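[1] Give me the fold of what follows.
(2 chains)
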Amino acid sequence: MQHSLRFLVVVVLFAALAVPALADKRIEGRWMVNVTIPVGPDTNTRQTLALNFEVGPMGDSLHGRIVVTDDGGRTYGAVYRQVGKKFSITFELPCEGSGDNSCGSVVLKGKVKSGGVRIKGSAIVMWDSENTQNPALFDTSNGSFSGDRVQ
Amino acid sequence: MAKARRSLLFMLSAVLFAAASILTPLTPSASSQTVFELTGEWIMVSTPINGQIFSRGGNSLGFPDRDMVFTQQGDIRTGVVLREDAGPNVRPLGVWRVNGKHLSATFELWCPDPSTSCGSVIMRGEFVNPDTVRGTMTVFFDTPDPGRPTGLDTWVFQYTGNRVVPGTN
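    Numbering: from 1, shown residues only, chains lettered A, B, ... in the order given. This is a model prediction of the structure:
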């Protein structure tokens, strides 16, 4: 009897610890994210975008929404999908108008780390400038990102 | 007298010409007045480019007609693909922007089976007229391809989209 009770307590304690650990893998919540990418196509000069992500829940969907606020106070949307620790986020860079070299689309592919308080991965930018030599048909650049959960 | 009348006519012509020259640049042309709106429902019909039905890594989305709805709430511009062919709740999400006649949208693919390759789609194009768009879509699959500049398996196809007139779908 005492043996069973001890086993039950161990199971309950394990479950109590395991559930938050699994929940923490989700990127839902607030994040401070630094995205380092070139300032435009055909340049090695890099910029780091300091972005706040307000990541909404996926609910029953396979996708979720993100409200992004940049250090210039601009707000725009992003979307994401997540399976286990791996996730992908996409958004459009805000830009002043067509012909602006800073116009592009960003894809962030990364993993949740450190028990759910850090995200890290690679960034891809597809710029607005056409390039028939690129398999994407537009100029592309590679970068990186990392972020910390805001408590 | 005739000479004075000719001078008067010449002066009048000069004044009218000058007035027209000043006013013309201030009158916008019809094309520059057009503000293209992506918000609403669109049917996008896609076709291969140069017969590329699959990516180099063997991935493809096929070529189904895509029913897309674009909305805007404040600064947040969202796109939804209505994949009722795949299921009533299959609604891949994206975001978009329009600059002049150019449009760009990015979507995440809907991948219920984690064992299959997923990816992200970037849609680029332009308005042919307020109710017709055309362009290309680039898919960056999650599958690595070190031979591509992004390091990811990449596939492109072209599309033409027509606005769904409310009440006709």
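[2] ok, now how distant is the residue nearest the centre of chain A from chain B?
    Against the mean C-alpha coordinate of chain A, by C-alpha atoms, centre = their mean, the closest residue is residue A:89 at 4.9 Å. Relative to chain B, residue A:89 is positioned 8 Å away (criterion: C-beta to the nearest C-beta, to the nearest Å). (Each C-beta comes from the backbone N, C-alpha and C, glycine too.)
[3] can you check residue A:34 too?
    For residue A:34, the distance to chain B under the criterion C-beta to the nearest C-beta works out to 20 Å.
[4] and that residue, that's in a strand?
    Yes. When DSSP: H, G, I helix; E, B strand; the rest coil is applied, residue A:34 is found to be in a strand.
[5] Any idea what it is bridged to?
    Beta-bridge partners of residue A:34, counted by DSSP bridges, are residue A:50, residue A:146.
[6] in the chain, what spans have low per-residue confidence?
    Picking chain A for this. Scanning chain A with the threshold set as pLDDT under 70 gives A:1-24, A:96-100.
[7] wait, chain B
    B:1-33, B:168-169.
[8] ok, now with 90
    Filtered on pLDDT under 90, chain B yields the residue ranges B:1-34, B:64, B:83-90, B:112-117, B:165-169.
[9] Name the SS class of the residue nearest to the centre of chain A, please.
    With three-state DSSP as the basis, residue A:89 sits in strand.
[10] That one: what's it in contact with?
    Residue A:89 is in contact with A:53, A:66, A:78-80, A:107-108, A:110, counting by C-beta atoms under 8 Å, 6 or more residues apart in numbering or on different chains.
[11] again with residue B:151
    Contacts of residue B:151 were listed using C-beta under 8 Å, 6+ apart, and they are A:122, A:142, B:144-145.
[12] try 7 Å
    The contact partners of residue B:151, by C-beta atoms under 7 Å, 6 or more residues apart in numbering or on different chains, come to A:142, B:144-145.
[13] same question, residue A:139
    Contacts here follow C-beta under 7 Å, 6+ apart; on that basis residue A:139 touches A:41-42, A:127, A:129, A:131.
[14] rerun that using 10 Å as the cut-off
    Going by C-beta atoms under 10 Å, 6 or more residues apart in numbering or on different chains, residue A:139 touches A:38, A:40-42, A:101, A:104, A:125-131, A:133, B:149.
[15] between those, which is nearest residue B:64?
    Of all these, the one with the least separation from residue B:64 (C-beta to C-beta) is residue A:126, at 23.0 Å.
[16] contacting residues around the closest residue to residue A:138 other than its chain neighbours?
    On the basis of C-beta to C-beta, 6 or more residues apart in numbering or on different chains, the spatially nearest residue to residue A:138 that is not a chain neighbour turns out to be residue A:126, at 5.1 Å. Listed by C-beta under 10 Å, 6+ apart, the contact partners of residue A:126 are A:41, A:104-107, A:134, A:136-141, B:104, B:106, B:120, B:122, B:124, B:138, B:140, B:150, B:154.
[17] and residue A:126, that's in a strand?
    Yes. Under the criterion used here (three-state DSSP), residue A:126 sits inside a strand.
[18] Spell out the residue ranges of the helices in chain B.
    Counting by DSSP state H, chain B has these helices, from start to end: B:2-23, B:30-33.
[19] Actually, chain A.
    Assigned by DSSP H, the helices in chain A fall at A:2-23.
[20] Could you pull out the strands in it for me?
    Shown for chain A, the strands assigned by DSSP state E span residues A:29-38, A:46-55, A:63-70, A:75-83, A:86-92, A:104-113, A:118-130, A:138-149.
[21] Please name every helix or strand in contact with the first one.
    Spelled out, it's strand A:29-38. Other helices and strands packing on strand A:29-38, by 3 or more C-beta pairs under 10 Å, 6 or more residues apart in numbering or on different chains; DSSP states H and E, are strand A:46-55, strand A:63-70, strand A:86-92, strand A:104-113, strand A:118-130, strand A:138-149.
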